[in-house]
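[1] Predicted model follows, preceded by the sequence.
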Amino acid sequence: MKKPNHIILIIVLLVLFILTSELIEFVRNNVFYFLIPLLLSLSLIFWKKKSKLDTLLTTFILIVFLAARLIFSNIDQPTLVLRTSAILSFFLLNLVLLIGPWSRFSDKILRLYYFRRRLGVSAFFLGWLHFTIVISKLFNLNIKNALSFAFTFYGFTAFFIMFWMALTSWDYVQKKFKPSWWNILHTLLLIAYIAFAYLFYTLQKTLNNTLLKYHLYAIAIFVVFWIMVAPYSIVKKIIKTNVFGWKQLHVLVYIAYFSLIVHVVLQGTLKGIFLNAVFYGLIAFVVGSHAVGWLKKINEDNNINKKIKSINKKINEDEKTFIGVAYENEFQESIGKKFYINNKPIAVFKHQGNFIAMSDICAHQKGPLHKGRIVYGYVECPWHKWTYNINDGCSPKPYTDCVPYYKTKVKDSIVYVSTD
Ligand code: FES
């Protein structure tokens, strides 16, 4: 597992980021001149490290800032960076949300899955840039004053969630955090959000009652969603969802996303048919992709369960119960299939004449192992490439991670998997 020293690096980077962000007036007034060399250096570092996607991402951000400067040459630097970083942050957040559903349709996009985290952290840093300029330029660093406006309250909600997501997205944190810590953090953040919402409510002087009522509805929806994905949620237990650990925190990205939408709409900067069409078209595409992705998953799961029911075979051997899951000839060499046994998702591979079965849930961030490949005797997770031995489901030394491993049998051309 990665060593904790990169946490120190992250802290140093964050401190540097604060120092070079908009809180210092000189930096703020010349922010563009600070930003361009920073992005250029990052692109070169990634390029030297042969990290293609990182190079592409930083170069893309760099080009957008340069293009914005060329197009809007008469705007002052803080305003230019404030607007460009906001657009880029929202765009990257949309990409983050699109990779998930589209990876159900395309293996190429599935291979991009590991990059989602980098996109999310980049969206956060751009959001931070935007946030610090707004707070210093428009509100003179007065957070209370900023929170009294509805549009800043929603922007702040998104920033707050994205901050905690970025902070907890590192492997070291995810490895070290015990499940109970995620539960505590999830609850503490909910309490903090309710406190911010209450502050926003008490600071309202200009909003009429009808508008205030709508804001309270939106806050109530966010709080209900927050509770629904919480560790103690009854809904989660009923629908048997496996949103837990870090994921229950990161699923709050949907609150961040809808808060950003409200933030943009309330600002009233969406002028003209073209801008409105792009903005709402993108949102419709994200929402539609999620809906279609979920329908596909439900359909696939139903087919898997129907298949097992149609085989309807069970054997008891070696003090274990084995369930028939599919016919031998339905497997392709080294290509995984997913099955549910006692509601547990299990990945089954045919490899060099043998059948291998292990949990479908990767120990890292619950990636779908059945979509992975077998490389040199290890199943490789498609998301971030953690690997598990095909003989015992454990990662190669010195790593200590294992996923539940199951025995298999083949009888009368039917592949059986043990229940434990
Ligand atoms: S989820 Fe990250 S490697 Fe599997």
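    Okay, I see it.
[2] ok, and the closest non-adjacent residue to residue 251?
    Leaving aside its chain neighbours, residue 251 sits nearest to residue 229 (4.9 Å; criterion: CB to CB, 6 or more residues apart in numbering). C-beta: built from backbone N, CA, C; applies to glycine.
[3] count of neighbours near the one you found?
    Residues lying near residue 229 (other CB atoms under 10 Å) number 21.
[4] Likewise for residue 174?
    So residue 174, with other CB under 10 Å, has 16 neighbours.
[5] Which helix or strand contains it?
    Using DSSP states H and E, residue 174 maps to helix 171-176.
[6] Just list what the next helix or strand after that helix packs against, helices and strands only.
    Helices and strands here follow DSSP H and E; after helix 171-176, the next one along the chain is helix 179-202. Here helix 179-202 touches helix 143-147, helix 150-167, helix 209-228, helix 246-250, going by 3 or more CB pairs under 8 Å, 6 or more residues apart in numbering; DSSP states H and E.
[7] Check which residues of helix 179-202 are buried.
    Residues 182-183, 185-186, 189-190, 193, 196-197, 200 are the ones in helix 179-202 that count as buried (16 or more other CB atoms under 10 Å).
[8] which of these lies closest to the ligand?
    For the buried residues of helix 179-202, the residue nearest the ligand by CB to the nearest ligand atom is residue 182; the value is 15.7 Å.
[9] what's the single longest helix in the chain?
    Using DSSP state H to define each element, the chain has its longest helix at helix 273-311.
[10] ok, residue 143 - contacts?
    Residue 143 makes contact with residue 135, according to CB atoms under 8 Å, 6 or more residues apart in numbering.
[11] got it, and the one 10 residues further on?
    Residues near residue 153 by CB under 8 Å, 6+ apart: 147, 196-197, 200, 215.
[12] where does residue 117 land on pLDDT?
    On the pLDDT scale, residue 117 is placed at 87.
[13] Then the one 10 residues further on?
    On the pLDDT scale, residue 127 is placed at 94.
[14] what helix or strand is it on?
    With DSSP H and E as the test, residue 127 turns up in helix 116-133.
[15] Can you check what angle separates that helix from helix 150-167?
    140 degrees (axes from the mean of the first three to the mean of the last three CA atoms, to 10 degrees).
[16] Per-residue confidence, the nearest residue to residue 164 once chain neighbours are set aside, what does it come out as?
    Spatial nearest neighbour of residue 164, chain neighbours left out: residue 189 (6.0 Å); criterion: CB to CB, 6+ apart. For residue 189, the pLDDT comes out at 94.
[17] lowest confidence element among the helices and strands of the protein?
    In the chain, the helix or strand scored least confidently by mean pLDDT, DSSP states H and E is helix 5-19, which has a mean of 59.
[18] Same question for the following helix or strand past it: list its buried residues.
    As assigned by DSSP H and E, the chain's next helix or strand after helix 5-19 is helix 25-29. Buried residues in helix 25-29, defined by neighbour count with 16+ other CB under 10 Å: 27-28.
[19] Buried residues in the helix or strand following helix 25-29, which are they?
    Later in the chain than helix 25-29, the nearest helix or strand by DSSP H and E is helix 31-48. For helix 31-48, a neighbour-count test (16+ other CB under 10 Å) marks 31-32, 34-35, 39, 42-43, 46 as buried.
[20] again, but for stretch 379-399
    By neighbour count on 16+ other CB under 10 Å, the buried set for stretch 379-399 is 379-390, 393-395.
[21] what's the answer for stretch 266-286, then?
    266, 279, 282-283, 286.
[22] quick one: is stretch 174-182 near the ligand?
    No. Using CB under 6 Å from any ligand atom, stretch 174-182 stays clear of the ligand, coming no nearer than 9.2 Å.
[23] ends of that stretch, how far apart?
    For stretch 174-182, the first and last residues are 9 Å from each other (CA to CA, to the nearest Å).
[24] again, but for stretch 202-213
    End-to-end span of stretch 202-213 (CA to CA): 13 Å.
[25] Tell me which residues are up against it.
    Residues contacting stretch 202-213 (CB under 8 Å, 6+ apart): 144, 147-148, 150, 201, 215.
[26] hmm, back to that, and the ligand, which of the buried residues of stretch 379-399 reach it?
    Among the buried residues of stretch 379-399, the residues within reach of the ligand (CB under 6 Å from any ligand atom) are 381, 383-386.
[27] now those in a markdown table, with secondary structure and distance to residue 170?
    Formatted as a markdown table, those follow (DSSP: H, G, I helix; E, B strand; the rest coil; distance: CB to CB, whole Å):
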| residue | secondary structure | distance to residue 170 |
| --- | --- | --- |
| 381 | coil | 17 |
| 383 | coil | 15 |
| 384 | coil | 12 |
| 385 | coil | 16 |
| 386 | coil | 15 |
